[in-house]
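# Build me a model:
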Amino acid sequence: MSESFVALADQVADRIRNLLIFGELKPGERLSEVSLAQAMGVSRNTLREAFRSLTKDGLLVHKTNRGVFVATPSMGAIIDIYHIRRIIECQALRLAHGHHPAVMRMADAVASAHEAHGREAWRAVGSSNMDFHAAIVDLADSPKLTAFYGNLAAELRLAFELLNAPRWLHEPYIAMNGELLAKVQAGEVEAAAAQLERYLSQSERAVLAAFSGRDAG
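Next up, the predicted model:
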């Protein structure tokens, strides 16, 4: 397997991961190898290698004689995701300084969320929120951590899509993101980290309650 083939397969995997992060693919959706390879302008062999990588990461599932499907997160996975998010994101905020380039990306994400809110484009609000938290992780200046968080974010977005309540899930956090941004810009990083800890706990409780109601239904 050549280095160029592996590099191209990694790029394709990143493109599919971004589709997951931004809600373009849904939990349980079957992925058409032919149509996706054509859409991305790559060979089916390259796409299969990308599928293998994403399956290893737990974002896709291969079902014998049926094909490849987008994974469906479990409640246990969601609990683990939030546990990891608190460790990564809160610590990244503690290391932040107001002039870091990622702070501008946080500001851009807040502005995008407000713009989408004005259009009542709730999934776009969710995508802006995802951008905001990815920018928080980038404050740590760790490419490996950023790559790891990409998988985490994709799995989290699948959980959000499974609940199919985008306004309820995303609207409350627009103002909270703005408050976090203001604290970081003011250099109040410990206060920002403590607020984010509460924020993530609130989000986790809401998502788990919705999951419980879905399962009960």
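# if I look at Ala210, how far off is Val34?
35 Å (Cβ to Cβ, to the nearest Å). In short, each C-beta sits where N, CA and C put it, glycine included.
# Which one of those two is surrounded by more residues?
More crowded of Ala210 and Val34, by other Cβ atoms under 10 Å: Ala210, with 18 against 9.
# residues contacting the closest residue in space to the more buried one that isn't next to it in sequence?
Once flanking residues are discounted, Ala210 sits nearest to Leu163: 4.9 Å by Cβ to Cβ, 6 or more residues apart in numbering. Applying Cβ atoms under 8 Å, 6 or more residues apart in numbering, we find Leu163 in contact with Leu169, Val207, Ala210, Phe211, Arg214.
# And Arg52, by the same measure?
Neighbours of Arg52 in contact, by Cβ under 8 Å, 6+ apart: none.
# coming back round to it: and the contacts of Leu163 as TSV, adding pLDDT and distance to Thr46?
Converted to TSV, these look like this (pLDDT from 0 to 100; distance: Cβ to Cβ, whole Å):
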residue	pLDDT	distance to Thr46
Leu169	90	34
Val207	91	35
Ala210	86	37
Phe211	85	35
Arg214	72	36
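# Narrow those residues to those in helices?
Leu169, Val207, Ala210, Phe211, Arg214 (DSSP state H).
# Quick check on the residues you listed: which are buried?
Leu169, Val207, Ala210, Phe211 (16 or more other Cβ atoms under 10 Å).
# and the two most separated of these?
By the measure Cβ to Cβ, Leu169 and Phe211 form the most distant pair in those, at 11.6 Å.
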